[in-house]
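S.K.: With the sequence up front, the predicted model follows.
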Amino acid sequence: MLEIVLVYAVLIFCTIELLFWIVVRFTTSRFKWLITNQDEIPNLSKEGLEKFIQTGYDQELGWVRKPNTSHTENGKYGVTEWNINSRGARVNPDYEELESSISCYGDSFTFSRQVNDNETWEHYLSELLDTNVLNFGVGNHGIDQTLLRLKREYPKNKTKMVIIGVVPETISRILSVWKHYFEYGNTFGFKPRFKVENGNLILIRNPINPSDKFFEYEKCLDEVRKNDFFYDNKFKKEIIKFPFSYTVLKNTKRNLKLIYWVLLIEIKKYFGKDASKIDWNPMEIIMRINLLWRIKLYNDPESTLLLKKIIEDFVDYSKKNDFKAVFVFLPQKDDLKFIKFHFHYYEKFLKEVDKIKGLLHINITPQLIKLENIDDMYSDNNEYGGHFSKEGNKKIATLIYEKLQNPI
């Protein structure tokens with residue numbers, strides 16, 4: 001009798017496991033943020049890798065916008081285009097020939113994605129100040145990569161003032177060596193990072209240097225995993241593996257919700273129904289998780305110390321090169337909405353930034369929170385909001401301009 005019970009138990013378990021395995025395999029084929037053991041050492045697309053090496057790879061920074069390149073992309077206001085000039089800065093229409101007194105470095109919110117070249121906040125700031133505000137922003141860069149690029153570009157593009165603008169999420173980015181461990185599927189995104197040892201910044205160089213290392217990247221993974229905060233703290237904890245039922249259910253709020261929405265979207269599409277109203281739902285779950293990580297990291301002394309040390313190094317570099325250092329957080333829409341309805345999760349850190357001597361800190365968050373039309377400031381209709389819209393960039397330029405005119 002006991003043997004029969006055991007046989008039935010095994011059959012039931014195997015059936016459940018098979019069903020979970022099928023569902024997981026299908027979901028992961030449609031949505032990269034549900035990961036399995038195969039994502040430990042994913043296959044890199046040869047075609048995609050060749051294109052990336054040619055158009056984006058940078059052996060020091062990981063990736064960069066290369067000179068004399070261009071691209072189009074979509075937002076809620078239609079198709080937009082960006083262009084990079086011969087010195088690697090974004091084209092600034094009508095101001096390219098003018099002298100530059102300000103240069104800007106940072107991530108995609110400084111680059112001003114999803115708007116045209118004459119709709120960036122740097123362009124509007126150029127109009128207000130009658131100077132060519134140089135734009136060296138790079139999508140998905142952390143402030144660590146921003147600092148390295150500044151030190152590389154500034155000797156060739158000296159200005160009286162340098163503005164570093166980054167999203168608050170930069171605190172997550174500076175803890176990464178392989179973006180794939182935080183942004184699943186970003187498998188080309190190897191980067192340098194800093195660590196703090198004995199109170200000093202120590203640079204850990206990009207592990208994929210030169211680019212040939214991409215073709216045997218698994219050889220450097222032990223070192224990458226040791227230096228990447230998110231491998232142990234996030235990636236390993238979210239891998240779905242045997243027993244599939246257990247690893248799915250142990251993280252129910254994340255995994256089951258993702259599976260539910262992905263399956264529902266695919267079912268609607270299969271029967272020819274409109275899924276547009278819910279197709280953002282799986283990604284919305286991921287964005288909320290990322291926001292929770294930001295909140296957690298701004299309450300982590302080691303993470304905030306690293307971020308502050310990077311900003312302090314920026315200021316030290318400004319003093320050695322005799323330019324004015326300016327720092328500004330450029331919040332995403334979900335940052336503003338969380339702060340507006342809950343609490344200002346990075347306010348404590350900004351108070352520490354205010355104490356850095358020699359730095360002009362421009363805090364635009366309070367003014368943005370007061371706006372009634374926050375949605376109009378961003379380029380996408382979803383909760384994340386994409387990047388600043390044309391109107392959003394006008395507002396950012398105005399806020400920065402006003403602070404520059406009255407720095408106290």
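M.R.: Structure received.
S.K.: Point out where this protein drops to low pLDDT.
M.R.: 1-2, 408 (pLDDT under 70).
S.K.: Tell me which residue is most central in it.
M.R.: Asn140 (4.1 Å; CA atoms, centre = their mean).
S.K.: I figured it hits Thr110, correct?
M.R.: No: between Asn140 and Thr110 there is no contact under CB atoms under 8 Å: 11.7 Å. Using the backbone N, CA and C atoms, a C-beta is placed for each residue, glycine as well.
S.K.: Break down the stretch 101-250 of the chain into its helices, ranges please.
M.R.: 108-111, 121-129, 143-153, 170-173, 221-227, 229-230, 236-238, 244-249 (DSSP state H, counting those that start in this stretch).
S.K.: Now render those as JSON lines, adding distance to Pro366 and mean neighbour count.
M.R.: JSON lines is the format used below for those (distance: least, CB to CB, whole Å; neighbours: other CB atoms under 10 Å):
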{"stretch": "helix 108-111", "distance to Pro366": "18", "mean neighbour count": "25"}
{"stretch": "helix 121-129", "distance to Pro366": "18", "mean neighbour count": "23"}
{"stretch": "helix 143-153", "distance to Pro366": "21", "mean neighbour count": "22"}
{"stretch": "helix 170-173", "distance to Pro366": "19", "mean neighbour count": "24"}
{"stretch": "helix 221-227", "distance to Pro366": "36", "mean neighbour count": "14"}
{"stretch": "helix 229-230", "distance to Pro366": "30", "mean neighbour count": "22"}
{"stretch": "helix 236-238", "distance to Pro366": "35", "mean neighbour count": "14"}
{"stretch": "helix 244-249", "distance to Pro366": "42", "mean neighbour count": "17"}
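S.K.: In JSON lines: those, plus distance to Gln332.
M.R.: Output for these, formatted as JSON lines (distance: least, CB to CB, whole Å):
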{"stretch": "helix 108-111", "distance to Gln332": "8"}
{"stretch": "helix 121-129", "distance to Gln332": "15"}
{"stretch": "helix 143-153", "distance to Gln332": "15"}
{"stretch": "helix 170-173", "distance to Gln332": "11"}
{"stretch": "helix 221-227", "distance to Gln332": "26"}
{"stretch": "helix 229-230", "distance to Gln332": "19"}
{"stretch": "helix 236-238", "distance to Gln332": "22"}
{"stretch": "helix 244-249", "distance to Gln332": "29"}
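S.K.: top helix in this structure by residue count?
M.R.: Across the chain, the helix with the greatest residue count (assigned by DSSP state H) is helix 2-30.
S.K.: That one packs against which elements?
M.R.: Packing partners of helix 2-30 (3 or more CB pairs under 8 Å, 6 or more residues apart in numbering; DSSP states H and E): helix 244-249, helix 252-270.
S.K.: that older thread, got the contact list for the residue nearest to the centre of the chain?
M.R.: Asn140 is in contact with 63, 107-108, 173, 179, 186, 189, counting by CB atoms under 8 Å, 6 or more residues apart in numbering.
S.K.: What subset of those is buried?
M.R.: 63, 107-108, 173, 179, 189 (16 or more other CB atoms under 10 Å).
S.K.: Please identify the pairing partners of the helix or strand containing Val326 and their relative orientation?
M.R.: Secondary structure assignment for Val326, by DSSP states H and E: strand 324-329. Strand 324-329 sits in its sheet next to strand 161-166 (parallel), strand 359-362 (parallel), going by DSSP bridges.
S.K.: In TSV: these, plus distance to Asn281.
M.R.: Formatted as TSV, those follow (distance: least, CB to CB, whole Å):
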stretch	distance to Asn281
strand 161-166	28
strand 359-362	35
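S.K.: and Cys220, which of those strands is closest to it?
M.R.: strand 161-166 (26.8 Å; CB to CB).
S.K.: Provide the contact partners of the closest one at residue level.
M.R.: So strand 161-166 is contacted by 101-107, 109-110, 137, 141-143, 146-147, 150, 154, 311, 314, 318, 323-330, 400 (CB under 8 Å, 6+ apart).
S.K.: I'd like to know which of those are buried.
M.R.: Neighbour-count burial (16+ other CB under 10 Å) applied to the contacts of strand 161-166 gives 101-107, 109-110, 137, 141-143, 146-147, 150, 154, 311, 314, 318, 323-330, 400.
S.K.: could you give the angle of the longest helix of the chain to helix 252-270?
M.R.: 70 degrees (axes from the mean of the first three to the mean of the last three CA atoms, to 10 degrees).
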